[in-house]
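> how would this look folded up:
(one chain, ligands or ions: 2)
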Amino acid sequence: PQAVRLADYRPPEWLVDTVDLDVALHPTQTRVTARLALRRNPEGTPDAPVILEGDGLTLVRLALDGAPLAGSSFEASPERLALRHPPSDAFTLEIETLVDPTANTQLMGLYRTSNNYCTQCEPEGFRRITYFPDRPDVLAVYTTRIEAELDEAPVLLGNGNLVSSGPVLGASRHFAVWHDPWPKPSYLFALVGGKLAKVSDSFTTASGRQVELGIYVEEGKEARAGYAMDALKRSMRWDEEAFGREYDLDVFNIVAVSDFNMGAMENKGLNVFNDKYVLASPQTATDADYSGIEGVIAHEYFHNWTGNRITCRDWFQLCLKEGLTVFRDQEFSSDQRSRPVKRISDVRMLKAAQFTEDSGPLAHPVRPETYREINNFYTATVYEKGSEVVRMLKTLLGEEGFRKGMDLYFERHDGEAATIEDFLASFADATGHDLSQFALWYSQSGTPTLEVKGAWDEAAGTYRLDVKQSVPPTPGQSEKKPMVIPLALGLVGPDGADMPLMLGNTPVERGVVEVTQKEQSFLFTGLDAKPVPSLNRGFSAPVNLKSDLTPEDRVFLAAHDGDPFNRFDALQGLALGLLTRAARGGAADGEAALIDAAGRLLADAALDPAFKAQALALPGEGEIARELGSDVDPDAVFAVRKALRLKLGAALAGPLAETYAALGTAAPFTPDAASAGRRALRNLALDYLAVSGSDEGVARAQAQFAAADNMTDRMAALAVLAQHDRPERAAALDAFYARFERDALVIDKWFTLQAQIPEAGTLERVKALMLHPAFSMGNPNRVRALVGAFAATNPTQFNRADGAGHAFLADVVLSLDAKNPQVASRLLSAFKTWRQLEPGRRGHAEAALRRVADTPGLSPDVADIATRSLG
Ligand code: B3K
Ligand code: ZN
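Ligands and ions are numbered 1, 2, ... in the order given. Just a heads-up that it's a prediction; the model follows:
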């Protein structure tokens with residue numbers, strides 16, 4: 001397909017004021033009648049034809065202002081409906097199409113899942129239901145009448161409020177009419193029909209509006225929706241308190257489905273969710289699942305204001321809703337849980353997914369300027385870096401300035417389709433800040449590097465920081481301009497307390513200096529001793545920080561930094577330094593210091609267990625590989641990391657065993673953050689104590705596996721057992737399967753764990769599991785759990801030296817592409833780091849990518865990823 005360019009944006013020629021849909025559900029022949037009230041856009045071209053998008057549609061009938069249209073007055077194909085000579089002004093177009101939801105394996109548009117009907121329209125799925133100007137800047141008021149067999153689909157749901165429902169006379173059918181008063185783009189349309197159980201609750205908004213809440217799940221799963229409902233009510237309250245945003249309809253419904261391409265979808269008043277992000281019970285969900293549910297429920301709910309009430313002008317502006325909404329859900333979780341621990345886990349994710357993306361062939365700006373397939377831009381860069389940009393804005397403007405800017409944004413653009421320029425202008429106008437240089441965060445791709453050197457002047461009592469920034473070249477962008485980098489910092493004195501932070505005679509506001517030039521110096525004054533700088537506190541800017549901190553400085557910061565993030569980061573930096581030196585074949589010096597620092601952290605009774613668990617987990621193989629940058633041998637990376645884990649496990653065996661014993665509890669499972677943190681630390685201890693594969697370590701894991709009363713502890717024990725090629729592993733895997741075989745979401749964990757085993761037999765195991773009755777290529781969760789986990793989280797086996805892992809992924813992508821291109825292209829993006837591999841593996845990766853790229857008949861999704869990966 002042709003590349004679409006931001007620079008080519010033109011307003012729509014025709015607007016749609018209202019959409020009246022009549023959908024008669026049928027497994028293979030669903031009849032859709034759409035009545036569109038069309039009107040010329042006063043800002044459009046005079047005499048412009050009406051051109052509506054379609055995707056695989058069959059047109060049955062067309063009428064203009066009630067009169068059937070003759071074949072000569074329009075052109076229809078599955079991809080488009082054009083009226084070359086439409087009336088000069090407003091008119092109504094009635095379009096009847098037939099769609100086959102059963103044949104829809106792409107899961108885009110109207111499809112079936114577990115015999116229910118549901119839709120997914122973002123970004124371009126509405127055109128698979130009816131012909132429409134399917135772009136986010138066409139906002140219309142929708143009324144949807146849904147009709148179905150009563151036995152087949154007793155539940156009928158649409159956007160907005162229920163207007164009427166009842167039997168259809170003289171038949172076994174019934175109907176429901178839903179009306180959504182808020183104008184919205186077509187991508188927010190949704191309907192659901194099926195046999196579903198409802199969990200009900202209600203919420204009273206700050207201004208007293210009563211909202212009926214419903215979560216619809218498969219019958220029998222009602223008890224597992226309680227946590228999601230609780231998270232929803234907390235999200236609704238939080239948005240009122242933190243952003244002054246109230247819900248705006250009489251009902252809010254969530255439907256959990258088992259076949260879904262991504263996590264969830266924020267359709268107005270009718271969110272559709274991957275059931276993985278709704279269903280939880282202590283026996284089936286881990287702490288990570290609980291926090292994932294809380295975060296995704298919040299995220300989709302927050303879209304009601306950031307995405308729905310204010311939407312995007314075009315898909316280039318995707319980060320306008322996604323980056324901002326991720327920021328909002330991260331803030332929500334920080335307020336509900338531990339802020340430092342949330343920040344640490346978000347940054348870990350950012351580095352693993354986004355920094356990696358930003359340093360490879362798929363790098364793109366937070367707001368891309370061109371795309372061939374928009375589905376490939378729901379990326380870590382748009383989401384996670386997009387959130388970091390909003391966070392930086394808040395850091396620069398302060399709490400109050402940020403809130404003023406957000407308020408102005410809502411005030412100005414409610415009901416509109418907006419741009420990043422609109423967003424930034426709201427902050428600039430509300431606070432008087434010039435954000436023109438800051439805007440580069442949206443247009444320049446690549447992770448900036450910030451080099452920082454310190455100089456202490458004993459006589460003057462000053463400390464100078466010399467800062468140099470650079471942004472590496474990325475696809476399509478060879479030259480970069482300096483960015484605005486909010487650098488939060490502190491100067492830590494010998495006693496471990498922060499010293500005054502003064503530039504000349506001025507205290508540094510909120511502890512943040514603004515780096516805006518290529519090279520810049522900051523002279524801090526009034527110091528009575530040499531400080532250790534604590535830089536980029538709270539990870540205030542998403543940059544690669546290269547400082548001249550010595551290992552001793554890091555040990556000091558790990559023990560004393562007043563910023564918990566940097567306490568964590570000091571230890572990580574120490575570990576990363578020695579791991580990369582060792583992976584390059586150098587001496588792993590500094591181990592003693594690391595072990596010492598880790599031991600002290602573990603012993604510090606004042607620290608939150610969740611924080612300790614994060615700080616004591618070594619940087620992942622992916623992070624080590626990224627730090628190495630080129631000629632990576634994943635086996636060597638694995639080996640040095642394992643060696644360090646062994647040393648830590650052995651050196652700290654005593655305190656780890658005490659920690660394990662002390663954190664054991666007979667209290668029943670609760671998913672709160674404090675309890676989860678204790679489990680996280682205890683399970684980290686379990687893992688370190690078993691790294692060596694000692695009988696004692698394995699027996700401890702086996703005992704925990706057998707006795708666990710919750711999935712977190714059971715799964716953690718199984719993960720430990722899975723690392724060791726001993727008979728206990730097979731026994732535990734079989735027992736786990738037998739216990740949970742009827743629970744697909746739990747069996748996904750069983751698939752994933754096996755796909756992650758860092759042993760030579762894993763590829764064969766994965767291939768065999770693809771033939772297992774519980775596996776299905778048609779279900780995205782299964783494919784991601786097995787093949788996705790293998791490619792994305794098992795670096796040694798995916799990147800096998802003989803190329804078999806790469807060839808396998810290419811085969812799966814090619815066989816899946818015809819069925820579900822979005823899931824296929826997502827899998828293929830596991831090759832995003834192929835260029836950093838050593839030459840042999842790099843050759844295999846390139847060959848696999850070429851084989852995919854050269855296959856005729858690829859979907860645009862897979863073709864785009866293959867081409868850009870090779871580019
Ligand atoms: N907006 C949806 C993502 C749609 C992805 C389409 N390929 C979920 C979310 O970000 O909230
Ligand atoms: Zn979103």
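
> so what's the one residue in the stretch 601-750 of the chain that gets nearest to ligand 2 up against?
Ranking the residues of the stretch 601-750 of the chain by distance to ligand 2 (CB to the ion) places residue 745 first, at 21.5 Å. Yep, even glycine has a C-beta here, placed from its N, CA and C like the rest. Contacts for residue 745 (CB atoms under 8 Å, 6 or more residues apart in numbering) come out as 275, 276, 279, 284, 781.

> isn't the second one right up against residue 782?
No - between residue 276 and residue 782 no contact is recorded; they are 11.2 Å apart, counting by CB atoms under 8 Å.

> Could you tell me which residues of the protein lie near ligand 1?
Among all residues of the chain, those adjacent to ligand 1 (criterion: CB under 6 Å from any ligand atom) are 122, 123, 262, 264, 265, 266, 299, 300, 303, 322, 375, 378.

> ok, for residue 63, nearest residue in space, not its chain neighbours?
Nearest residue to residue 63, sequence neighbours excluded (CB to CB, 6 or more residues apart in numbering): residue 94, at 4.2 Å.

> Domains in this structure, by residue range?
With automatic domain parsing serving as the domain definition, the record reports that the chain contains domains spanning 313-443, 449-541, 741-871.

> In CSV: the ones you listed, plus distance to residue 53.
Rendered in CSV, the data for these read as follows (distance: least, CB to CB, whole Å):
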stretch, distance to residue 53
domain 313-443, 13
domain 449-541, 27
domain 741-871, 14
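
> Can you tell me which of the contacts of residue 745 is nearest residue 736?
Distance ranking of the contacts of residue 745 against residue 736, using CB to CB, places residue 284 first at 11.9 Å.

> what's around residue 695, how many residues?
Burial measure for residue 695: 11 neighbouring residues, criterion other CB atoms under 10 Å.

> ok now do residue 136, which residues does it touch?
123, 185, 186, 187, 311, 312, 313, 314, 315, 417.

> what does residue 868 give?
Applying CB under 8 Å, 6+ apart, we find residue 868 in contact with 361, 362, 475.

> Sticking with it, tell me its helix or strand.
Using DSSP states H and E, the element containing residue 868 is helix 860-870.

> where's that helix relative to the chain centroid, distance-wise?
Taking CA atoms, centre = their mean, to the nearest Å, the mean C-alpha location of helix 860-870 is offset from the chain mean by 21 Å.

> same question, stretch 487-501
On the basis of CA atoms, centre = their mean, stretch 487-501 sits 34 Å off its chain's mean C-alpha point.

> if we can go back for a sec, what is the most widely separated pair among the contacts of residue 136?
Using CB to CB, the pair of the contacts of residue 136 lying farthest apart is 186 and 313, separated by 14.3 Å.

> between the two, who's got more neighbours?
Applying other CB under 10 Å to residue 186 and residue 313 shows that residue 186 carries more neighbours, namely 26 against 20.

> Verify the contact between that one and residue 139 for me.
No - counting by CB under 8 Å, residue 186 sits too far from residue 139 to count as a contact (9.2 Å).

> what about the strands in the stretch 351-500 of the chain?
In order along the chain, the stretch 351-500 of the chain carries the following strands (DSSP state E, counting those that start in this stretch): 370-371, 417-418, 449-457, 462-470, 485-492.

> Dump the ones you listed to a markdown table, plus mean pLDDT, mean neighbour count and distance to residue 44.
What follows is the strands of the stretch 351-500 of the chain, written out as a markdown table (pLDDT from 0 to 100; neighbours: other CB atoms under 10 Å; distance: least, CB to CB, whole Å):
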| stretch | mean pLDDT | mean neighbour count | distance to residue 44 |
| --- | --- | --- | --- |
| strand 370-371 | 98 | 16 | 24 |
| strand 417-418 | 98 | 22 | 15 |
| strand 449-457 | 98 | 16 | 46 |
| strand 462-470 | 98 | 18 | 44 |
| strand 485-492 | 98 | 22 | 41 |
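
> and of the ones you listed, who's closest to residue 517?
Nearest to residue 517 among the strands of the stretch 351-500 of the chain is strand 462-470 (7.8 Å), distances taken as CB to CB.

> from the chain's centre, how far out does that closest one sit?
Taking mean C-alpha positions (CA atoms, centre = their mean), strand 462-470 and its chain are 34 Å apart.

> I'd like to know which elements it is packed against.
Taking 3 or more CB pairs under 8 Å, 6 or more residues apart in numbering; DSSP states H and E as the contact definition, the neighbouring helices and strands of strand 462-470 are strand 449-457, strand 485-492, strand 519-524.

> before we move on, back to that, tell me which of the strands of the stretch 351-500 of the chain sits nearest to residue 686.
Nearest to residue 686, of all the strands of the stretch 351-500 of the chain, is strand 485-492, at 33.7 Å by CB to CB.

> Could you name the helices and strands sitting against the closest one?
Counting contacts by 3+ CB pairs under 8 Å, 6+ apart, the secondary-structure elements packed against strand 485-492 are helix 386-413, strand 462-470, strand 512-515, strand 532-535, helix 551-560.

> can you give me the helices in the stretch 151-300 of the chain?
For the stretch 151-300 of the chain, helices defined by DSSP state H, counting those that start in this stretch occupy the ranges 226-243, 287-302.

> The closest residue to ligand 1 within the stretch 451-600 of the chain: what secondary structure?
For the stretch 451-600 of the chain, the residue closest to ligand 1 is residue 542, as judged by CB to the nearest ligand atom, at 19.3 Å. Assigned by DSSP: H, G, I helix; E, B strand; the rest coil, the conformation of residue 542 is coil.

> what pLDDT does the residue lying closest to it once chain neighbours are set aside get?
Once its chain neighbours are removed from consideration, residue 542 has its nearest residue in residue 388; the separation is 4.3 Å (CB to CB, 6+ apart). pLDDT for residue 388: 99.

> In contact with residue 355, which residues?
Each residue near residue 355 by CB under 8 Å, 6+ apart is listed here: 447, 542, 544, 626.

> For those residues, give me a markdown table that also has pLDDT.
Supplementary listing: the contacts of residue 355 in a markdown table, determined by pLDDT from 0 to 100:
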| residue | pLDDT |
| --- | --- |
| 447 | 98 |
| 542 | 99 |
| 544 | 98 |
| 626 | 97 |
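
> from those residues, which single one is nearest ligand 2?
Of all the contacts of residue 355, ligand 2 sits closest to residue 542, with 18.8 Å by CB to the ion.

> Would you mind measuring from the residue in the chain positioned nearest to ligand 1 to residue 308?
The shortest separation between the chain and ligand 1 is 4.2 Å, found at residue 122 (distances taken as CB to the nearest ligand atom). When CB to CB, to the nearest Å is the yardstick, residue 122 and residue 308 sit 11 Å from each other.

> Identify the contacts common to those two.
Counting by CB under 8 Å, 6+ apart, the shared contacts of residue 122 and residue 308 are residue 188.

> Compare these two (neighbour count), which wins?
Under the criterion of other CB under 10 Å, the comparison of residue 122 against residue 308 puts residue 122 first, with 24 against 20.

> Would you confirm that the more buried one contacts residue 187?
Yes - under the contact definition of CB under 8 Å, residue 122 touches residue 187, with a separation of 4.1 Å.

> To residue 232, which of the strands of the stretch 351-500 of the chain lies closest?
Short answer: strand 417-418, nearest of those by CB to CB, at 26.1 Å.

> List the pairing partners of that closest one within its sheet, with orientation.
Partners of strand 417-418 in the sheet, by DSSP bridges, are strand 311-312 (parallel).

> ok, back up a step: would you format the helices and strands packed on strand 462-470 as JSON lines with distance to residue 694 included?
Listed next are these as JSON lines, based on distance: least, CB to CB, whole Å:
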{"stretch": "strand 449-457", "distance to residue 694": "42"}
{"stretch": "strand 485-492", "distance to residue 694": "39"}
{"stretch": "strand 519-524", "distance to residue 694": "50"}
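
> Including distance to ligand 2, could those go into a markdown table?
Compiled in a markdown table, the helices and strands packed on strand 462-470 are given as follows (distance: least, CB to the ion, whole Å):
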| stretch | distance to ligand 2 |
| --- | --- |
| strand 449-457 | 29 |
| strand 485-492 | 24 |
| strand 519-524 | 36 |
